[in-house]
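[1] Dropping the sequence and predicted coords here.
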Amino acid sequence: MRKAMIRLRMSEHDAHYGGGLVNGARMLDLFGDVATELLILSDGDEGLFRTYEHIDFLAPVYAGDYIEAVGWFTRMGKTSREFKLEAWKVIRPVAGAESPSACEVLAEPILVAQATGICVVPKECQRGAQVPVEELMGDFLAEAQ
């Protein structure tokens, strides 16, 4: 199954709360971009995010953290597309290190947020799959048959 992924460093601009804490809504921005890429792959159109069915914020994100947001399809209807989305902290600054710019790659990435969501691509906007549907749906397509 094909996944979409974005990796970004959270900046001081992203920090909204004391101690450089990033607002959880920033993860939703990333999820929207991941879903958009998947819709382009499946329909040749950006579509519209309809709803989040489930969102969990599981760990704090701070300025300087590198976040990988990933997503994949779980179901495709005639116009609706369902996704699973995850955000993982993969690199973080090292507090109190000799260098103020010291960072570490996490041996075990930390799941900071996860969600399920639904997007819609109106029939008149669907331009056709840009990659084979089997590649997009993988195991989920086999389960549906």
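    Sure thing, it's come through.

[2] those strands in the protein, which residues are they?
    In the chain, the strands defined using DSSP state E lie at 4-9, 15-17, 21-22, 48-57, 66-76, 80-93, 103-120.

[3] closest one to residue 128 among the ones you listed?
    strand 66-76 (13.2 Å; Cβ to Cβ). C-betas here are computed from N, CA, C, even on glycine.

[4] Give me the contact list for the closest one.
    1-10, 27, 30-31, 33-35, 38, 42, 61, 81-92, 109, 112, 116, 133, 136-138, 140 (Cβ atoms under 8 Å, 6 or more residues apart in numbering).

[5] Can you list the strands that that strand pairs with?
    Strand partners for strand 66-76, identified by DSSP bridges, are recorded as strand 4-9 (antiparallel), strand 80-93 (antiparallel).

[6] Give me whichever of the ones you listed is most buried.
    Of all those, strand 80-93 has the most neighbours on average by mean count of other Cβ atoms under 10 Å, namely a mean of 20.

[7] now the angle between strand 48-57 and that strand, please.
    For strand 80-93 against strand 48-57, the angle by axes from the mean of the first three to the mean of the last three Cα atoms, to 10 degrees is 50 degrees.

[8] got the buried residues for stretch 114-131?
    Residues 114, 115, 116, 117, 118, 119, 120, 121, 126 are the ones in stretch 114-131 that count as buried (16 or more other Cβ atoms under 10 Å).

[9] likewise stretch 51-69?
    For stretch 51-69, burial by neighbour count (16+ other Cβ under 10 Å) applies to 57, 61, 62, 63, 64, 65, 66, 67, 68, 69.

[10] Among those residues, which one sits closest to residue 99?
    residue 64 (12.8 Å).
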